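# Show me the folded form of this:
(one chain, ligands or ions: 2)
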Amino acid sequence: MENGARTAPPVIVAIDGPSGTGKSSTSKAVAAQLGLSYLDTGAQYRAITWWMVNNGIDTTDPSEVAAVVGKPEIVSGTDPSAPTITVDGVDVSAPIRGQEVTSRVSAVSAVPEVRARITELQRSIAAASEHGIVVEGRDIGTTVLPDADLKIFLTASPEARAARRHGELKGADLHTTRESLIKRDTADSTRKTSPLAKAGDAVEVDTTNLTLQQVIECVVTLVEEKRAGK
Ligand SMILES: Nc1ncnc2c1ncn2[C@@H]1O[C@H](COP(=O)(O)OP(=O)(O)OP(=O)(O)O)[C@@H](O)[C@H]1O
Ligand SMILES: Nc1ccn([C@H]2C[C@H](O)[C@@H](COP(=O)(O)O)O2)c(=O)n1
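Numbers count the residues shown, from 1 in each chain. Ligands and ions are numbered 1, 2, ... in the order given. Predicted coordinates:
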């Protein structure tokens, strides 16, 4: 598979969808299987939010956030088997998953100056990928990479998504998990600048009743069909 990927032309795959639909798990596995790079754009928004929190920025004040947007240096490693994220050289892969960042990331990522900076970073990473890349997020197919070769929009019922997250967050209450997931999706899909949305030319995959392996196989097939010109 690796060798096949090396001779194939680079392919850009955009995978969007709400929280807990399986974007990260699917994107990493598809990229690894096809010898492509992988970019978790949510991690970048989480990283800039982590920096704001650590530096005492009022994340509810868009002008305060906008004023410092250029300060942190965010670096994403794109190996799907070991993706990394650093801020000013510090590995933040663990703290960006914490409750504090999760509860503030929608507000920070809604600030237009934040989106402009992170979008530019994402485009430069995609352009530098030698063999192609799977980029996952909320606005990849609509805004970041509108010319992507393949666009996928993953969905799943709120119940399925809450159950998946609940399985990860030991001790969390299922109802609270479901409510916070819906709250974040609502904020992400109603913001003014590049909201979470399905691109008109995206293929929608409802993962509610699919195993992760089935979703991965479905997306790999779609990429291979695209490469074969079908
Ligand atoms: N089809 C599936 N069936 C069952 N569990 C799944 C499926 N897809 C993903 N999962 C599990 O659901 C959880 C969330 O998946 P993942 O982190 O990939 O979602 P996501 O869309 O990237 O979420 P977020 O946007 O919040 O980062 C993980 O524990 C993952 O293993
Ligand atoms: N392209 C993107 C990716 C992510 N975000 C914002 C919205 C999410 O709530 C947050 C965290 O993403 P996750 O780690 O849960 O995938 O980041 C965005 O606005 N655009």
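# Give me the most central residue, this protein.
Centroid check for the chain by Cα atoms, centre = their mean gives residue 137 as the closest residue, at 2.9 Å.
# Distance-wise, check that residue relative to residue 54.
Going from residue 137 to residue 54 by Cβ to Cβ, to the nearest Å gives 23 Å. C-beta: built from backbone N, CA, C; applies to glycine.
# so what's residue 204 bridging to?
With DSSP bridges applied, the residues forming beta bridges to residue 204 are residue 153.
# tally of neighbours for it?
Neighbourhood size, residue 204 [other Cβ atoms under 10 Å]: 11.
# Read off the pLDDT value for it.
The model reports residue 204 with a pLDDT of 98.
# Same check on residue 57?
Reported pLDDT at residue 57 in the predicted model: 98.
# what about this protein, any weak spots by pLDDT?
1-7, 169-171, 230 (pLDDT under 70).
# Confirm for me that the residue nearest to the centre of the chain is in contact with residue 18.
No. Residue 137 is beyond contact range of residue 18, at 11.2 Å (criterion: Cβ atoms under 8 Å).
# Now for these two: what residues contact both?
Contact criterion Cβ atoms under 8 Å, 6 or more residues apart in numbering; residues shared by residue 137 and residue 18: none found.
# At which residues are the strands of this protein located?
11-16, 37-40, 74-77, 84-87, 90-91, 132-137, 150-155, 203-206 (DSSP state E).
# closest one to residue 112 among the ones you listed?
Closest of those to residue 112 is strand 132-137, at 16.3 Å (criterion: Cβ to Cβ).
# now the closest residue to residue 212 other than its chain neighbours: how far from residue 160?
Distances taken as Cβ to Cβ, 6 or more residues apart in numbering place residue 25 nearest to residue 212, at 5.5 Å, with adjacent residues excluded. Residue 25 is 14 Å from residue 160, where distance means Cβ to Cβ.
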